[in-house]
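Trainee: starting from these lines, generate the structure:
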Amino acid sequence: MPRRYRPMAYLGAIIGLRFSEVAGLRLGRLDFSERSISVLETITRDAQGSPVFGPPKSTASRRTVALPATLVELLAEHVREQHLDVGDPDALVFTAPNGGPIRYANWRNRVWVPTCEAAGLQGIGFHSLRRASATALVHARVDLKTAQTRLGHSDPRLTLSIYAQAVAEADRSAADVLGAHFLPQLPTTADWIAHESRTRDDD
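Mentor: Numbering: from 1, shown residues only. As a prediction, the model looks like this:
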C-alpha cells in the first residue's frame, strides 16, 4: 500500500475504524500525548457521490479509544511526512492526491484493490479489517464491554454475532485446556495391557 495511506489500514485493523471514520479523521481528534483517538465525524456520499461530512452512525459510534504506542508513532510519522499543519485541528489526516477528502470508490480502485491483489487477498473489503479487529479482540480474551466500546457497537450482540468470527487456534486451545482439565493423563493402549496383566496376576 502506498506509504501515505498505510496508516489507514492499521486504523482499520487495530482500532476497528470504519472507512468513513478513517476518511473523516481530523488532526485535532488525535491526542498523541494521551495516546488516544476520538471518533466524532465521518465522510459519506450524497446522491451525486460527493463527500459529505456528518456525525457517526450512532451515539455509540462517537467514542474515544486508546492507541498502541506503535500506532501513535506511525501516525506521528505520517503527520511529519505529509507536512500536515499541527496548528490546524480541522486538517484531514488522510486526503486524496489533490488534497481534498477521499472518495471511497476512487480510493478503492486506485489504492485498495491493487494492494489486495499484490498481497494475494483479492475480494476483501476495507471492512474486513474491522472484522479482523473484532476477531482479534475475542481471541485475546478482551472483555465484551471493552470490545463493544472500541468498535462503537450500540448492541453487544453485533460484536459477537456479526464480527467475532471463530478462530481455529482459539478453538483448538479451548479443546486442549478442557482435555487437560478432565483427562490430565489419558491411558494408552500399553497402560491398559499392563493393567489387565496385573489384574490376571492378582487373580
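
Trainee: for the protein, just list every one of the strands.
Mentor: Using DSSP state E, the strands assigned to the chain run over residues 30-31, 36-39, 42-45, 51-54, 63-66.

Trainee: got the domain ranges for this protein?
Mentor: Taking automatic domain parsing as the domain assignment, the record places the domains of the chain at 3-163, 168-202.

Trainee: determine which stretch of these is the most buried.
Mentor: Per-stretch averages of neighbours, counted by mean count of other C-beta atoms under 10 Å, single out domain 3-163 among the domains of the chain, with a mean of 16. Any C-beta I mention is one placed from the backbone N, CA and C, and that applies to glycine too.

Trainee: what's the offset of stretch 114-123 from the middle of its chain?
Mentor: Its chain's average C-alpha position is 18 Å from that of stretch 114-123, according to C-alpha atoms, centre = their mean, to the nearest Å.

Trainee: coming back round to it: comparing the domains of the chain, which yields the minimum mean pLDDT?
Mentor: When those are compared on mean pLDDT, domain 168-202 scores lowest, with a mean of 72.

Trainee: only alpha carbons, please: show stretch 126-137 as CSV.
Mentor: Output for stretch 126-137, consisting of C-alpha atoms alone and laid out as CSV, is shown next (Å, rounded to 0.1, in the frame of the first residue of the first chain):
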residue,chain,number,x,y,z
PHE,A,126,-11.8,-2.4,3.9
HIS,A,127,-14.5,-3.6,6.3
SER,A,128,-12.7,-6.9,6.6
LEU,A,129,-10.1,-5.1,8.7
ARG,A,130,-12.8,-4.2,11.2
ARG,A,131,-14.0,-7.8,11.4
ALA,A,132,-10.4,-8.9,11.8
SER,A,133,-10.1,-6.4,14.7
ALA,A,134,-13.2,-7.8,16.4
THR,A,135,-11.9,-11.4,16.0
ALA,A,136,-8.5,-10.5,17.4
LEU,A,137,-10.2,-8.9,20.5
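
Trainee: which residues are in contact with it?
Mentor: Surrounding stretch 126-137, the residues in contact under the criterion C-beta atoms under 8 Å, 6 or more residues apart in numbering are 9, 12-19, 108, 112, 146-147, 150-151, 159, 163-165, 167.

Trainee: try stretch 57-67
Mentor: Contacts to stretch 57-67, defined as C-beta under 8 Å, 6+ apart, come from residues 14-15, 21, 35-40, 42, 55-56, 75, 148-150, 152-154.
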